[in-house]
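S.K.: How does the following fold in three dimensions:
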Amino acid sequence: MHRIWRYTAILLVAFFVRVVGIDFGQAASVPQGDGPPLYEQATIHPDEYFYVAIPLEMRLKGSLNPGFYENPSLLIYLDYVTNVLTGADAPLRSLDWQSWNIRSLAPFPLYVIGRLYSALGGVIAVAVTIALAQRLKGPRAGELAGWLLALAPSLVQHGHYATTSSLAAGFVALCLWACVQALSVRPYSRFFVLAGIAAGLATGSRYNAAAVSIAVFVTGLLLLWQHRHMLTRSIWLTVLVGYVAFPVTFLLTTPGVLADFDAFWQQFTYIYGRFSYEEGMPLFAGLLYEYRYIVLFGVGIPGAFAAAIGLLTLRNGRVVLLMLAFLVPYSLVVLDTPIPQTGDQLTLLVLPPLAALAGIGAVWLIDHLRWRYRAPIISLGLLVMPAMLTFTIVFLFSQPDTRQLAQEWVQANVPAGVRIHLAGGYNVPLDATTYDLSQSFGEPGDVASLAEQGVDVAIVSEASLFYVQRRDNLSQAAKDAIATEWAPYATYSLLAEWPRPRWLGDDVMVNNMSYWHHPTIRIYCLAADGCPYIDPSMQQNGAEASD
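M.R.: Sure thing, here's the model as predicted:
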């Protein structure tokens with residue numbers, strides 16, 4: 001009974017760290033009247049609207065075709081069903097929603113609901129990883145593996161986004177556990193079919209998760225070999241059904257593969273091409289970059305060593321084969337990406353098996369070392385690094401983003417009708433009916449020309465500049481040249497500033513909080529008269545608030 005309580009505690013902590021701050025990005029004020037319910041520059045993950053706004057648009061159009069296939073459709077249909085059950089489309093049907101930018105279509109509470117699906121996927125991954133490690137090495141391994149995955153920083157981080165990676169990680173873990181169960185217990189048939197279904201659900205969340213189907217294929221061959229002296233019709237049928245369950249389940253999650261094949265194939269080949277190997281790229285450069293990230297922000301440095309020990313000491317050759325059947329192809333094909341700086345979502349799928357192996361390796365060390373207090377020392381050593389990073393990330397999720405702080409300042413101090421230029425993406429969410437807005441997304445814009453055109457205020461977001469500055473595949477000269485393009489803004493009067501907060505490891509994290517969360521925001525006056533309509537005391541207060 002005490003073991004159940006321990007496992008319950010792990011799952012509660014896993015859920016807690018994924019839901020604290022899950023409502024990040026909620027604007028201080030919401031658009032009023034008949035306009036769209038969300039600011040176009042809302043502080044959300046860049047990809048969240050695919051899975052939240054598209055399902056709502058489908059509902060408003062009365063269509064079951066998302067028309068979006070750069071990722072599979074499982075989460076889109078989950079959110080679609082949520083919209084049906086909640087009637088989220090009802091307030092929008094009488095409005096001119098067809099003219100709105102799709103990023104502004106869905107009200108903010110729907111994003112929180114979408115994020116809860118990601119959090120649920122992460123908790124499923126933790127629960128199944130506990131079961132997997134316990135099956136292979138006993139309850140202590142299950143507990144350590146569960147704690148490690150519950151606190152894995154990158155998985156906790158993505159549990160806060162209405163995107164597909166955390167959900168896919170949960171189904172990958174379920175597939176691997178079902179494969180091990182199929183080889184270990186009877187009746188094996190239900191577990192093998194479950195493995196095929198889980199592989200289909202994982203692929204229905206992310207295409208790259210299809211690599212886990214290799215483990216299903218290997219499990220089927222091992223089952224046939226295991227029963228080679230008595231190959232009955234039932235065994236053949238079980239293997240066949242398990243194999244077929246994978247593509248059938250995937251097609252049920254993403255029916256557009258058949259119903260809208262041309263659109264699917266066009267978008268699938270486009271996104272595949274973006275993540276495919278490029279000529280001239282150093283051998284395994286992307287793979288090493290991504291595994292650096294996995295070690296630092298996935299299982300931690302001690303966890304990586306423990307996982308290696310777990311793999312080497314695991315005596316069940318069939319399970320080792322299963323693990324490698326997924327990890328090796330996935331690493332060599334998927335993680336060896338030419339754009340590793342934007343590939344952190346690719347790394348989540350390997351965390352459940354690595355955490356299970358780390359739990360096994362940690363228990364092996366506890367059993368074979370003769371240190372005094374070795375069990376608590378090894379357990380704490382395994383968990384301290386991910387715990388520190390996770391609680392830092394969770395704290396930042398619970399704080400208002402710099403863009404939200406700047407939004408409140410602008411709404412309080414800048415009169416309506418002022419011409420404002422937003423320089424750079426991931427900028428401050430402002431109402432286009434209140435201010436005369438323009439924007440340059442990937443570049444700073446011509447500052448002198450903006451001033452000549454009568455732009456009064458420029459709001460500079462340094463998200464893109466920070467991303468460029470930390471890219472490994474750009475020379476320092478190129479980085480300096482890009483920084484020079486942004487430098488002219490500094491020649492104008494600074495009204496207010498909100499610096500990007502620093503935290504442990506922020507300079508090596510990829511495509512996540514250190515990129516588009518909490519960018520440095522600076523507000524400049526471009527007007528020749530010095531913006532007298534902004535109270536000088538307010539200017540000073542804004543500058544002080546940024547210190």
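S.K.: And Ser493, its phi and psi?
M.R.: With angles defined as degrees, to the nearest 10, Ser493 sits at phi -70, psi 130.
S.K.: what about the spatially closest residue to it that is not a sequence neighbour, neighbour count?
M.R.: Distance criterion Cβ to Cβ, 6 or more residues apart in numbering; nearest residue to Ser493, sequence neighbours excluded, is Cys525 at 4.5 Å. Bear in mind the C-beta positions are built from the backbone N, C-alpha and C, glycine included. Neighbourhood size, Cys525 [other Cβ atoms under 10 Å]: 19.
S.K.: same check, this time on Leu465
M.R.: By other Cβ under 10 Å, the residues close to Leu465 number 19.
S.K.: How about it, nearest residue that isn't a chain neighbour?
M.R.: Once flanking residues are discounted, Leu465 sits nearest to Trp486: 5.7 Å by Cβ to Cβ, 6+ apart.
S.K.: Show me the helices in the stretch 201-350 of the chain, by range?
M.R.: 213-226, 233-253, 256-259, 261-274, 285-294, 300-313, 317-329 (DSSP state H, counting those that start in this stretch).
S.K.: still on that earlier bit, give the helix, strand or coil label for the residue nearest to Leu465.
M.R.: Following DSSP: H, G, I helix; E, B strand; the rest coil, Trp486 is assigned to helix.
S.K.: again with the one 10 residues further on
M.R.: In three-state terms, and counting by three-state DSSP, Ala496 is strand.
S.K.: coming back round to it: okay, and the beta partners of the residue nearest to Ser493?
M.R.: Beta-bridge pairing for Cys525 (DSSP bridges): Val457, Ser493.
S.K.: how much space between it and Ser461?
M.R.: 17 Å (Cβ to Cβ, to the nearest Å).
S.K.: Look at the closest residue to Ser154 other than its chain neighbours and report its pLDDT.
M.R.: Nearest residue to Ser154, sequence neighbours excluded (Cβ to Cβ, 6+ apart): Phe297, at 4.6 Å. Listed pLDDT for Phe297 reads 92.
S.K.: Same question for the one 10 residues further on.
M.R.: As summarised for this prediction, Ala307 has a pLDDT of 97.
S.K.: Could you do Val510 as well?
M.R.: Reading off the model, Val510 has pLDDT 63.
S.K.: swap in the one 5 residues further on?
M.R.: Predicted confidence (pLDDT) for Tyr515: 78.
S.K.: So which elements touch the longest helix along the chain?
M.R.: The single longest helix within the chain, with elements called by DSSP state H, is helix 108-137. Helices and strands touching helix 108-137, by 3 or more Cβ pairs under 8 Å, 6 or more residues apart in numbering; DSSP states H and E, are helix 2-19, helix 48-61, helix 74-86, helix 139-150, helix 153-158, helix 165-184, helix 351-368.
S.K.: Let me know which of these is the nearest to Phe264.
M.R.: Closest of these to Phe264 is helix 74-86, at 13.1 Å (criterion: Cβ to Cβ).
S.K.: got the buried residues for the longest helix of the chain?
M.R.: Residues of helix 108-137 classed as buried under the neighbour-count rule (16 or more other Cβ atoms under 10 Å) are 108, 110-137.
S.K.: List the residues that contact Leu349.
M.R.: For Leu349, the contacting residues are Ser165, Ala168, Ala169, Val172, Ala202, Arg206, Asn208, Ala209, Ala211, Val212, Tyr330, by Cβ atoms under 8 Å, 6 or more residues apart in numbering.
S.K.: just Gly286 next, same as before
M.R.: Leu335, Asp336, Thr337, Pro338, Ile339, Pro340, Gly343.
S.K.: Go ahead and confirm the fourth one touches Pro282.
M.R.: Read that as Pro338. No - judged on Cβ atoms under 8 Å, Pro338 makes no contact with Pro282 at a distance of 10.2 Å.
S.K.: Which of those two has more residues huddled nearby?
M.R.: A count of neighbours by other Cβ under 10 Å puts Pro338 above the other of Pro338 and Pro282, at 17 against 8.
S.K.: The more buried one and Pro31: what is the separation?
M.R.: 39 Å.
S.K.: got it, and Ser398?
M.R.: In terms of Cβ to Cβ, Ser398 sits 24 Å off from Pro31.
S.K.: These two: which is more packed in?
M.R.: Legend: neighbour count by other Cβ under 10 Å for Ser398 and Pro31, higher for Pro31 (19 against 12).
S.K.: show me the residues around the residue lying closest to the more buried one once chain neighbours are set aside that make contact.
M.R.: Nearest residue to Pro31, sequence neighbours excluded (Cβ to Cβ, 6+ apart): Asp431, at 5.9 Å. Residues in contact with Asp431 (Cβ under 8 Å, 6+ apart) are Pro31, Gly35, Tyr39.
S.K.: How about Leu74?
M.R.: Thr164, Leu167, Leu201, Gly204, Ser205, Thr253, Thr254.
S.K.: redo that, cut-off 10 Å
M.R.: 51, 117, 164, 167-168, 171, 200-206, 249-250, 252-254 (Cβ atoms under 10 Å, 6 or more residues apart in numbering).
S.K.: any idea which helix or strand carries Thr45?
M.R.: That one is not Thr; residue 45 is His. Under DSSP states H and E, no helix or strand contains His45.
S.K.: which non-adjacent residue is nearest it?
M.R.: Nearest non-adjacent residue to His45 (Cβ to Cβ, 6+ apart): Tyr161, at 4.3 Å.
S.K.: Go ahead and confirm the one you found touches Asp344.
M.R.: No - counting by Cβ atoms under 10 Å, Tyr161 stays clear of Asp344, with 11.1 Å between them.
S.K.: Could you list the domains of this structure?
M.R.: 113-397, 402-545 (automatic domain parsing).
S.K.: Can you pull up the most central residue in this structure?
M.R.: His158 (3.5 Å; Cα atoms, centre = their mean).
S.K.: Just confirm the residue nearest to Pro31 is within a helix.
M.R.: No - counting by three-state DSSP, Asp431 falls outside a helix, being coil.
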